[in-house]
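Asker: Provide a 3D model corresponding to the input given below.
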Amino acid sequence: MKTFETSTYRSQVYQLRQLGKEVLKQYDLKVEQLEFINHGENATYKVITKKGNYLLRIHRDRYHTSDGIKEELNWLNKLHSNGLSVQKPVLSSNNELITQGSYKGDFLKRTCTILTWEEGIFRSNSINEDYCKAIGNLLARFHKKENQIPIKARKYWDAEGLLGKGDRFNGLFAIEEGLSKKEYKIFNACRESLFNVLKNYQEEHPEKFGLIHADLHFWNVIWKDKSPIPIDFDDCGTGAFLYDLCIYLKSIEGNMKRKKKDKPAKPYLDAMLEGYNKIGNLTQKDVELLPFFRLTRDLVMFGWLYSRRDNANIFKHFELGRAKRIERYSKFLKEGPERFFVSP
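Answerer: This next block holds a predicted model:
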């Protein structure tokens, strides 16, 4: 008999949907429709009711502890109470932030949460300097002391969590099995070099580390007019504020390369930094480290792809981008990191 992990992607989605139907019975919601959104890190479904819509999240097994999930939900409540437009956690009928769901008894068990639903649109091609300024300002608001909360479980994105032996995704060392000896030598040398840069920055500037979103790319922001609404805080944790910025910048850079746009791109970076520094305080020395965090994000996601061998829809991208990534890491070792927004 197949396990959940060895089931096809389509079968996994079906099984999770049945689990979702059962867990919704623990909430005071008169559900009219359960609409599939995605099965990636979590499985997500739009819960449609007459009184409004909600987001059901079926959490990946053993990815976060219960304390870690509660910290995310507590941060959302903190941000909401301080005036930021974010989704709010929804309590169960028993006033619980977290519920447990199952399908066929012990065959499939998952932790689940429900959040309010935010309407808006995604933007990628239409992003301009004004939107970048708004994103920079939003990230600076996340990083303000009054918007932070104490964190014990989600110490994810410091130098060790990103590139050390305790890497969050458990992929940076396991990946050796999926690469040739030559490829892994290049990959690991790149990891070690970046780790030293990040470790030194962390030791010299602990004040520039704190609770961050850690995954704010194009598809984790919806827009109401020119106001950004961040979603998917699943990866939030303590880390460098610079890491938060570079993720959105990578979205812009990737989009420009795919579309082969000739428009000068530096104004996007300048606008984002301008928006950030209306509240925050990034120096020129900080900005000069952005390319190192940019490549760090690349390595982290390569390791994540390898760690998701249990999800064929994700893992296929490991091989698709493998050769280009190794070439990029080799170039870094010879020439240093590329600046943001190289010509297409």
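
Asker: residue contacts, residue 61?
Answerer: 109-110 (CB atoms under 8 Å, 6 or more residues apart in numbering). (Each C-beta comes from the backbone N, C-alpha and C, glycine too.)

Asker: Count the residues that sit near residue 170.
Answerer: 13 (other CB atoms under 10 Å).

Asker: Identify the residues contacting it.
Answerer: So residue 170 contacts residue 307 (CB under 8 Å, 6+ apart).

Asker: For the stretch 101-250 of the chain, which segments count as strands?
Answerer: Here the stretch 101-250 of the chain has its strands, by DSSP state E, counting those that start in this stretch, at 108-116, 209-212, 221-224, 227-230, 237-240.

Asker: tell me which residues in the third one are buried?
Answerer: Counting neighbours by 16 or more other CB atoms under 10 Å, one finds that the buried residues in strand 221-224 are 221-223.

Asker: which one of those is nearest residue 154?
Answerer: Nearest to residue 154 among these: residue 221, at 20.6 Å, using CB to CB.

Asker: which residues does the closest one bridge with?
Answerer: residue 230 (DSSP bridges).

Asker: ok, it touching residue 121?
Answerer: No. Using CB atoms under 8 Å as the test, residue 221 is too far from residue 121 to be in contact (10.1 Å).

Asker: How about the secondary structure of residue 100?
Answerer: Assigned state for residue 100: strand (three-state reduction, DSSP: H, G, I helix; E, B strand; the rest coil).

Asker: From residue 111, how far off is it?
Answerer: The spacing between residue 100 and residue 111, counted by CB to CB, to the nearest Å, is 6 Å.

Asker: Equivalent analysis for residue 157, please.
Answerer: 22 Å.

Asker: and what of residue 265?
Answerer: 41 Å.

Asker: Check residue 67 too.
Answerer: From residue 67 over to residue 111 the distance is 12 Å, taken as CB to CB.

Asker: When those two are compared, which one has more neighbours?
Answerer: residue 111 (21 against 11).

Asker: Around the closest residue to that one other than its chain neighbours, how many other residues sit close by?
Answerer: Excluding the flanking residues, the one nearest residue 111 by CB to CB, 6 or more residues apart in numbering is residue 59, at 4.5 Å. Neighbourhood size, residue 59 [other CB under 10 Å]: 20.

Asker: Repeat that for the one 5 residues further on.
Answerer: By other CB under 10 Å, the residues close to residue 64 number 21.

Asker: Centre-most residue in the chain?
Answerer: Nearest to the mean C-alpha position of the chain, by CA atoms, centre = their mean, lies residue 215 at 2.6 Å.

Asker: so what's the backbone phi/psi at the nearest residue to that one once chain neighbours are set aside?
Answerer: Take residue 215 and drop its neighbours on the chain: the residue closest to it by CB to CB, 6+ apart is residue 235, 4.3 Å away. With angles defined as degrees, to the nearest 10, residue 235 sits at phi -100, psi 10.

Asker: Check residue 89 too.
Answerer: Torsion angles, degrees, to the nearest 10, at residue 89: phi -70, psi 150.

Asker: residues in contact with it?
Answerer: 73, 76-77, 97, 113-115.

Asker: same question, residue 266
Answerer: residue 341.

Asker: go with 10 Å
Answerer: By CB atoms under 10 Å, 6 or more residues apart in numbering, the residues touching residue 266 are 339-341.

Asker: Buried only: go through the residues you listed for me.
Answerer: 340-341.

Asker: Any chance of the contacts of residue 266 in TSV with secondary structure, pLDDT and distance to residue 46 as columns?
Answerer: Shown next, in TSV, are the contacts of residue 266 (DSSP: H, G, I helix; E, B strand; the rest coil; pLDDT from 0 to 100; distance: CB to CB, whole Å):
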residue	secondary structure	pLDDT	distance to residue 46
339	coil	83	40
340	coil	78	35
341	coil	73	35
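
Asker: quick one: residue 233 and residue 220 touch, right?
Answerer: Yes. Assessed by CB atoms under 10 Å, residue 233 is found in contact with residue 220 at 8.7 Å.

Asker: So the two - more neighbours on which side?
Answerer: Between residue 233 and residue 220, counted using other CB under 10 Å, residue 233 has the larger neighbour count: 24 against 21.

Asker: quick revisit: my guess is the residue nearest to residue 215 contacts residue 64, does it?
Answerer: Yes. Counting by CB under 10 Å, residue 235 touches residue 64, with 9.5 Å between them.

Asker: Which of the contacts of residue 89 are buried, as a ChimeraX select command?
Answerer: Typed into ChimeraX, the line below selects the buried ones among the contacts of residue 89, using 16+ other CB under 10 Å:
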select :73,76,97,113,114,115
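
Asker: In the contacts of residue 89, find the pair that's most separated.
Answerer: Once CB to CB is applied, the contacts of residue 89 give 77 and 114 as the farthest pair, at 13.8 Å.

Asker: Mutual contacts of those two, please.
Answerer: Shared contacts of residue 77 and residue 114, counting by CB under 10 Å, 6+ apart, come down to 88-89, 97.
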